[in-house]
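J.: structure for this input, please:
(one chain, ligands or ions: 2)
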Amino acid sequence: MSQDAFSEKDWRRLIASFGEDPDRPGLVETPARVAKAWKHWTSGYQQDPVSLLKAFEDGAEQYNELIVVRGIPVYSHCEHHLAPFFGKATIGYLPNGKIVGLSKLTRLVDCFSKRLQVQERMTIQIANALMEVLEPKAVGVVIKCRHLCMESRGIRTPGEETITSAMLGELQPNLGLRTEFLALARD
Ligand SMILES: Nc1nc2c(ncn2[C@@H]2O[C@H](COP(=O)(O)OP(=O)(O)OP(=O)(O)O)[C@@H](O)[C@H]2O)c(=O)[nH]1
Ligand SMILES: [Zn+2]
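T.: Ligands and ions are numbered 1, 2, ... in the order given. Here you go, the predicted model:
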């Protein structure tokens, strides 16, 4: 993406196009603030999901049960309207000799959510990255979000939640494991 996308001049023009006076005191600093904010909201493009997941073996020996982290915050923007969608993610995996620092799961969500997204793609990207790096027996991801493009405009359905999931490896054929993961993931 070119740096021009973040230029203050463009945001100033956009504000003027709303019928506002960009020189009004309350708006003078807004183009710079918005440019900075969008740099943050799209910073996931600069992160490499594989290198942020530092897998290790020490501590994984004899641990053969699911590892589940839930309540991971998700703040993203839909690629159709650039409107926020936000909610919580749950990630679980069944290790196969390699584990990862728990905070890295939150960092992984952050990396994919700070891009223009659809919830389905983000869900599978998170699951695929874990499969690639940890080579676990199974990975499960459940994401529950509210989409402001649906709540504040368009269909206008306040409070509606969208739930997506990805189940890879043994979570696909093993109904018992899937049930256990979903029970651990439940709020
Ligand atoms: N599948 C999916 N759809 C999404 C997501 N975020 C937003 N959308 C949908 O993207 C669609 C875009 O539809 P369009 O018909 O091209 O755009 P629109 O006229 O603004 O649609 P409305 O929102 O129905 O007014 C809408 O149905 C949104 O609800 C997402 O994460 N996943
Ligand atoms: Zn949208």
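J.: residue of this structure nearest ligand 2, please.
T.: Closest to ligand 2 within the chain is residue 149: 2.9 Å, counting by CB to the ion. Where C-beta positions appear, they are placed from N, C-alpha and C, glycine not excepted.
J.: that residue: neighbour count?
T.: Per other CB atoms under 10 Å, the neighbour tally for residue 149 reads 16.
J.: that one is in contact with residue 81, isn't it?
T.: Yes. Contact criterion CB atoms under 8 Å: residue 149 and residue 81 qualify, at 4.1 Å.
J.: show me where the protein has its helices.
T.: For the chain, applying DSSP state H gives helices covering 8-17, 30-41, 49-52, 102-113, 119-134, 148-151, 175-185.
J.: below-threshold pLDDT in this structure: ranges please.
T.: Within the chain, the segments meeting pLDDT under 70 span 1-6.
J.: ligand 2 contacts on that one?
T.: Listed as neighbours of ligand 2 in the chain under the rule CB under 5 Å from the ion: 78, 80, 81, 83, 149.
J.: so the first one versus residue 115, what's the distance?
T.: Translated: residue 78. 11 Å (CB to CB, to the nearest Å).
J.: please apply the same query to the second one.
T.: Residue 80 sits 14 Å away from residue 115, taking CB to CB as the criterion.
J.: ok, these two, which is more surrounded?
T.: Shown here are residue 80 and residue 115; by other CB under 10 Å, residue 115 has more neighbours (19 against 11).
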